[in-house]
Structures are given as structure tokens and as C-alpha cells.
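Q: All I have is the shape, not the residue letters:
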């Protein structure tokens, strides 16, 4: 996903994020999540992928690689919770 932000807005957000993630800070996970959400709001979706109902070969490994690359992965299923958990 993408969106355009000004250099000034980016610098302001980056400074705030750096302060929250500083080694000595007493930042809560909630504070960090709020900060990140500020940047991830109003995004334009660039790509979507889907897999058919049966779990295809390599899906768990592929999802693991995407997550390791810091790509957010959402698993939507109309099936049981166990199905989503088995995928990743």
C-alpha cells in the first residue's frame, strides 16, 4: 500500500517514532501502535492475493517469508479458526 506524505510530515513522524523506540524509553505497545497507525492511515492498496480453499504447497513458508520482510499479512477465512492458524 502507498500514500504520499510531505517531507515535513515524514520527518515529524520519524522523529516521534525514533523517540518511542529509543532503547531507554518507557513506551507501551499501545503508544507504539498508535504512532504506527498514524503513518498507515489512508493508504491506497497496491496488491491483493488469494489462495483457493485447499491449502496449497508452500503457503505457510511464503507467508513466513512475507512476514519476515515486514510485510503485513492478513489471513481471511470463512472456515474454522484452526484453518487460519494452520496457515500462519
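A: Yes, it's here. Quick caveat, the model's predicted, so the values are computed rather than measured. Residues are numbered from 1 along each chain as shown.

Q: helices or strands up against the lengthiest helix in the chain?
A: Counting residues, the longest helix found in the chain (DSSP state H) is helix 7-21. Where contact means 3 or more CB pairs under 8 Å, 6 or more residues apart in numbering; DSSP states H and E, helix 7-21 is packed against helix 29-39. C-beta here means a position set from N, CA and C on the backbone, and glycine is covered the same way.

Q: and the helix it packs on, how far from the chain's centre?
A: 12 Å (CA atoms, centre = their mean, to the nearest Å).

Q: Could you check it and say which residues are buried?
A: By neighbour count on 16 or more other CB atoms under 10 Å, the buried set for helix 29-39 is 35, 39.

Q: what comes up buried for whatever helix or strand comes next after that helix?
A: Downstream of helix 29-39, the next assigned helix or strand under DSSP states H and E is helix 59-68. Neighbour-count burial for helix 59-68 flags residue 63 (criterion: 16+ other CB under 10 Å).

Q: I'd like the average pLDDT over helix 59-68.
A: In this model, helix 59-68 has an average pLDDT of 86.

Q: what does the longest helix of the chain contact?
A: 5, 25, 27, 31, 32, 35, 36, 38, 39 (CB atoms under 8 Å, 6 or more residues apart in numbering).

Q: Buried residues in stretch 5-17, which are they?
A: So, applying 16+ other CB under 10 Å, buried residues of stretch 5-17: residue 17.

Q: my guess is residue 45 meets residue 1, correct?
A: Yes: Residue 45 lies in contact with residue 1 (CB atoms under 8 Å); the separation is 5.3 Å.
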